[in-house]
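Asks: 3D model of this:
(2 chains)
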Amino acid sequence: MARRYARQYAPLVTMPTVPAHAPQAAERLASMADLTASDAALRRFLHGLPGVDTVGLEGRAAMLGTRSIKTTAKAYAIDLAISMIDLTTLEGADTPGKVRALCAKGIRPDPSDRTAPHTAAICVYPDMVKTAKEALAGTGMHVASVATAFPAGRTSLEVKLADTADAVAAGADEVDMVIDRGAFLSGRYLQVFEEIKAVKQACGRADGTPAHLKVILENGELSTYDNIRRCSWLAMLAGADFIKTSTGKVATGATAPNTLLMLEAVRDFRAATGVQVGVKPAGGIRKSKEALAYLVMVNETLSDEWLSPEWFRFGASSLLDDLLMQRQKMCSGRYSGPDYVTVD
Amino acid sequence: MTFAYAPALESRAVVDIAPAYGLFIDGEFREAADGKVFTSISPSSEEVLCEVAHGGSKDIDTAVRAARRAYSTWSALPGAERGKYLFRIARIIQERSRELAVLESLDNGKPIRESRDVDLPLVAAHFFYYAGWADKLSYAGWGPDPKPLGVAGQVIPWNFPLLMLAWKIAPALACGNTVVLKPAETTPLSALFFADICRQAALPKGVVNILTGDGSTGAELVAHPGIDKVAFTGSTEVGKAIARTVAGTGKKLTLELGGKAANIVFDDAPVDQAVEGIVGGIFFNQGHVCCAGSRLLVQESVADEVLDALKRRMGTLRVGNPLDKNTDIGAINSAEQLARITALAADGEAEGAERWAPACQLPSTGFWFAPTLFTGVTQAHRIAREEIFGPVLSVLTFRTPDEAVQKANNTPYGLSAGVWTEKGSRILWMADKLRAGVVWANTFNKFDPASPFGGFKESGFGREGGRHGLEAYLNV
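Replies: This next block holds a predicted model:
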C-alpha cells in the first residue's frame, strides 16, 4: 500500500515522521485533499486498498499469540502494559466518589509497591471530567472523555460537537469519539470523514492546543475486516490521533485479529504519509496474558517505536487487577489473590 | 528500551534418549547382525545424541521375513480390529506429543513451535484418519472387498521424520499390510520412539519393523525380493534409482519427490496475508519442504510493494535455538545439506541475481543459514530451476495471468503451487491450468490427512492422504 500511495505522493514520503497531533500533520493531510474531495474519490481510494484475507489474518494473530514471554521480558511487558492503560469507568451509575476512587487507583495502582507505574489516563463520561481532572492534578496523568453521544452516536452533529466542546472545556486531555457506523455501512464515507474532521476541530482548546482525538471504529458493528481497514484509513485521513477498536458496549470488542489489522493500517499510513497514529484496543481485554500478546503484536508489526503510552493504549477496567497480581507474583514468587489488589 | 524476549526454552528433561538403540525387528530391539553402528547428532549443537544400529543385508532379510510372518494374521484381522490398534497408537502419540516434539526438534533441528503445533498434531490426525478407514475399505471405491498388497518397504526423508512415517505406516496398516520402514540416516530417533509406541499399543510382533541405516540400507530394502510394495519420499535422483530397481519386478511403487513450487501473487492479492504466505511457504521448516514455495512469482505492477513488505517481515524472523519457543527458523539438518544450500546460493550470486538477507546473528556451533531472498531471478537461473531445499527464495515477476501459468509450469517438477488473488474466478482458472498436485489459494503449506498429496512430472506419482491414499496399499 505504501508504495502504491507513494507513487502518487512521492514528495511526502521523504519527510520525517510527525505525530498525528502535530500541526505539520494537518498540513500533510491537507495536501492530500484530492482523496477526500468527493464521496466518489474517497470511495475509490478506500476500495482500492488491498483486501484482507480472513483466514490469513486470524492465523497470523494466533501465531503471535503463541510467543512465550518469560522472566525479564514479562516484567518489562507488565509494567509497560500498566503504563498504557486508560483506566475506564463508563456506567450510568458513576458518581464523583467512584471516579475519585478510580483516579486514586490509577495514580498508585499497587499500594503495597510504590514502584508500580501509574496508568496512562482515566477515561470517563464528559460530566465526570472535572472531578477526574481535580483528582489527577499534578500527577501528569491524562483525563480522557468519551464524547459524541457515546456509545451509539445516534444524534445530530450539533449535539456531538457540543458534547465534545463541553468535555474539552471541562479539561479533557483526550477525547474518545464514536463514528457514525450507520453512515459508514450505508456507504456515506464522506459524511463520516467530515464528522471526524468537525470533532477534531471541536477538540481545540482556548489556548490553541488541541485535546488528542481517539476515533472509535466499533469493529464489532463494522463486521468485516475489509471495512475495518477502510475505516481505519478514513479516520486517519480525517486527522485521528488514535484509532480505537471498540466502545466496549457491544458484543465484540477488541480481538487480536482486528487489532492486528489496525496496527497494519497505522504502519502503512506512516509509510505513505510520514504521520504516526496510535492504536487503542478496548473492550474485553481482562488478562495479563492477553495484554502481553497485544504488546507482542505491536512489537512484531510496528517495532518499539509504538511501544509507549504515547502510541498504544489499552481501554480496560479489570485488566489492571490481573496485571498487578502477575506483577506481585513476579516479585514474591507466589500468587496472591483478589484481596491483595484494591477494589476500585 | 526495546522489548527483547527472554529465552523461553522447552525442557529437554521430558525426553529420555538412551545411549544406544538397536533395530526394531519382530517386536524387539536387536543389534545389527554385523554389529555396525552410527551416531545421530543434533544439528543445532552438533552434540552426539546417541548410537544407532546400522542395518545390513542380513537384518533386512530378517525384518522382511518377520513382516511376512505377521502379514498372514494381520491381514486376516477384521478391519475394525486393525482400526482399534491404530486408534490406540494415535492416542498414545497425543499423550506423548510433548516428548516427541522435543525429540524431533533435537534430532532434526526444526523449531519447537513447529514440531509442537504442526508435526505432532498432524501425525496423530493421520493415524486417527486412517484408523477410521480400516473397517470401511469396502466403501472406499475400490470394489466390495479390496485386498492388501503384502509387505511394504518404506523409505522416508529427514525433513518431517515422524510425519512422513505416519503418512507411510498409517494407510499401510489400515489396509492390512505389514511394513519395514527405513528412517533417514540423520533423523532416526522419532521412528525408534515410534517402535516403542507400537509395543506400548501391543501391536502384534512384526507388523511394524524399523530398520535404521544409511542410503545403502534403503537401496537394499527396496531391492529385496520379499517386498510387495515400495513407497519412497525423498530426492528425485534417488527416486529415479528406485524406479529403475523396481522396474519389472511386479512391486507396486509410489514416489513423492522434489519440487520447485511457484507462489503466484497477483496485483489484487491481500498483501499482508500474501507476505505471511510467502514467508510460511519458503521459511517453514528451514525450507526443508518438498512442496516449499521456493519461486515467488509476483505481478510486476506490485513487485516493489510486495518485496518491501516481504523484506520488512523477514527482518522479524527469529533464527536460533530450536528448543526456544519463540524461534521461527531452526538449524539446517546436516552439514551436507548446508553445503548444498551454500553452493546453490553462491551460484545464484555468480549468475547475477541480487542476494538479500536480514541482519541476523547465527549461532556459532551447528548448521545455520540465514533466511535469504534473490531478486532479479529469471527462468534461466539455476536457483529458479533446481530444488535448493533450504531457506532461499527466488523472486521472479510476470505481467499477465497467462505468463504466470507459463512460468509456473516451466519446471520439471509439479508438486504444489500457490495463488494469491481476491478474485475467485481467477483462482479456479489458475487451479485448472497449473500442473501441480496441490494448488493452494490464498494460503500455503496447509496439510490435512483427508486431502490427497502428490506430484506431477518429476515430483513423483501416487497420492498419500485421503481416500486416494488407500489405493497405494490395496491390490487394485
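Asks: what about the nearest residue to B:Q379 once chain neighbours are set aside, distance to chain A?
Replies: Nearest in space to B:Q379, with sequence neighbours left out and distances taken as Cβ to Cβ, 6 or more residues apart in numbering or on different chains, is B:N410 at 5.8 Å. C-betas here are computed from N, CA, C, even on glycine. The gap separating B:N410 from chain A is 27 Å, by Cβ to the nearest Cβ, to the nearest Å.
Asks: which strand or helix spans B:E51?
Replies: B:E51 belongs to strand B:48-53 when assigned by DSSP states H and E.
Asks: so for that strand, what gets flagged as buried?
Replies: B:L49, B:C50, B:V52, B:A53 (16 or more other Cβ atoms under 10 Å in any protein chain shown).
Asks: try stretch A:241-256
Replies: Quick answer for stretch A:241-256 (16+ other Cβ under 10 Å): A:241-249, A:252-256.
Asks: still on that earlier bit, and chain A, which of the buried residues of strand B:48-53 contact it?
Replies: Among those, no residue sits close to chain A (Cβ under 8 Å from any Cβ of the partner chain).
Asks: can you tell me which of these is nearest chain A?
Replies: B:L49 (24.3 Å; Cβ to the nearest Cβ).
Asks: what stretches of chain A score poorly on pLDDT?
Replies: For chain A, the stretches flagged by pLDDT under 70 are A:1-14.
Asks: please name the nearest non-neighbouring residue to residue 266.
Replies: I'll assume chain A. A:V266's closest residue in space is A:V277 (Cβ to Cβ, 6+ apart), at 4.7 Å.
Asks: oops, wrong one, chain B.
Replies: B:F266's closest residue in space is B:T421 (Cβ to Cβ, 6+ apart), at 4.0 Å.
Asks: show me the contacts for the one you found.
Replies: When contacts are counted by Cβ atoms under 8 Å, 6 or more residues apart in numbering or on different chains, B:T421 touches B:F266, B:D268, B:A269, B:I427, B:M430, B:N442.
Asks: so which residue of chain A comes closest to chain B?
Replies: Closest point on chain A to chain B, by Cβ to the nearest Cβ, is A:G56, at 3.0 Å.
Asks: I figured that residue hits B:W440, correct?
Replies: No. In this structure, A:G56 is not within contact of B:W440 by Cβ atoms under 8 Å, at 11.3 Å.
Asks: near chain B, which residues of chain A show up?
Replies: So chain A meets chain B at A:1-4, A:50-53, A:55-57, A:59-60, A:66-74, A:76-77, A:80, A:264, A:295-296, A:299-300, A:304, A:307 (Cβ under 8 Å from any Cβ).
Asks: now do 6 Å
Replies: A:3-4, A:50-53, A:56, A:60, A:67-68, A:70-73, A:264, A:299-300, A:304, A:307 (Cβ under 6 Å from any Cβ of the partner chain).
Asks: can you say which of the residues you listed are buried?
Replies: Here, 16+ other Cβ under 10 Å leaves A:3-4, A:50-53, A:56, A:60, A:67-68, A:73, A:264, A:299-300, A:307 buried among those.
Asks: how about the nearest residue to A:V146 once chain neighbours are set aside, secondary structure?
Replies: Among residues not flanking A:V146 along the chain, A:D176 sits closest, at 4.6 Å (Cβ to Cβ, 6+ apart). Of the three states, A:D176 takes strand under DSSP: H, G, I helix; E, B strand; the rest coil.
Asks: for A:D176, name its beta-bridge partners.
Replies: A:V146, A:K214 (DSSP bridges).
Asks: confirm for me that it is in contact with A:V143.
Replies: No. A:D176 lies out of contact with A:V143 (Cβ atoms under 6 Å); the separation is 11.1 Å.
Asks: related to what we said a few turns ago, of the buried ones among the residues of chain A next to chain B, closest to B:K325?
Replies: Ranked by distance to B:K325 (Cβ to Cβ), these are led by A:S68 at 4.0 Å.
Asks: and the residue nearest the centre of the chain?
Replies: Picked chain A for this. Residue closest to the mean C-alpha point of chain A, counted by Cα atoms, centre = their mean, is A:K280 at 2.5 Å.
Asks: meant chain B actually
Replies: When Cα atoms, centre = their mean is applied to chain B, the residue found nearest the centroid is B:F160 (4.2 Å).
Asks: enumerate the residues of chain B near chain A.
Replies: So chain B meets chain A at B:2-3, B:5-6, B:8, B:270-273, B:276, B:304-305, B:316, B:325-326, B:422, B:442 (Cβ under 6 Å from any Cβ).
Asks: where do the strands sit along the stretch 201-344 of chain A?
Replies: Along the stretch 201-344 of chain A, the segments classed as strands by DSSP state E, counting those that start in this stretch run A:212-216, A:242-244, A:275-276, A:278-280, A:314-316.
Asks: run through the bridge partners of B:V265.
Replies: B:V298, B:W420.
Asks: residues contacting it?
Replies: B:V265 makes contact with B:A274, B:V298, B:V306, B:W420 under the criterion Cβ atoms under 6 Å, 6 or more residues apart in numbering or on different chains.
Asks: how close does the second one get to chain A?
Replies: If I follow you right, that is B:V298. 12 Å.
Asks: so what's the residue count around that residue?
Replies: Using other Cβ atoms under 10 Å in any protein chain shown, B:V298 is surrounded by 27 other residues.
Asks: mind pulling up the pLDDT for it?
Replies: Note on B:V298: pLDDT of 98.
Asks: and it, how close does it get to B:E403?
Replies: 12 Å (Cβ to Cβ, to the nearest Å).
Asks: same question for B:S451.
Replies: 29 Å.
Asks: now distance to B:T375 too, for the buried residues of stretch A:241-256, in CSV please.
Replies: Listed next are those as CSV, based on distance: Cβ to Cβ, whole Å:
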residue, distance to B:T375
A:D241, 38
A:F242, 37
A:I243, 34
A:K244, 39
A:T245, 37
A:S246, 41
A:T247, 45
A:G248, 46
A:K249, 49
A:T252, 41
A:G253, 42
A:A254, 38
A:T255, 36
A:A256, 33
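Asks: re earlier: is the residue nearest to the centre of chain A in contact with A:I243, as I believe?
Replies: No. Using Cβ under 6 Å, A:K280 is not in contact with A:I243, being 7.4 Å away.
Asks: help me confirm that B:A170 comes into contact with B:F127.
Replies: Yes. With contact defined as Cβ under 6 Å, B:A170 counts as touching B:F127 (5.0 Å).
Asks: and B:A184, how many neighbours?
Replies: With other Cβ under 10 Å as criterion, B:A184 counts 26.
Asks: what about the residue nearest to it when sequence neighbours are not counted, which SS state?
Replies: Leaving aside its sequence neighbours, B:A184 sits nearest to B:W158 (Cβ to Cβ, 6+ apart; 3.6 Å). What three-state DSSP gives for B:W158 is coil.
Asks: try B:K168
Replies: helix.
Asks: what does the closest residue to it other than its chain neighbours show for phi and psi?
Replies: Counting by Cβ to Cβ, 6+ apart, B:K168 lies nearest to B:Q154, which is 4.3 Å off, once chain neighbours are set aside. Here is the backbone geometry of B:Q154 (degrees, to the nearest 10): phi -120, psi 130.
Asks: bridged to B:Q154, which residues?
Replies: Beta-bridge partners, per DSSP bridges, of B:Q154: B:L181, B:A231.
Asks: neighbours of it, just the number please.
Replies: With other Cβ under 10 Å as criterion, B:Q154 counts 27.
Asks: same check, this time on B:G248
Replies: B:G248, neighbours per other Cβ under 10 Å, totals 7.
Asks: and the end-to-end length of stretch B:89-107?
Replies: 22 Å (Cα to Cα, to the nearest Å).
Asks: list the buried residues for that stretch?
Replies: Buried residues in stretch B:89-107 (16+ other Cβ under 10 Å): B:89-90, B:92-94, B:96-98, B:100-107.
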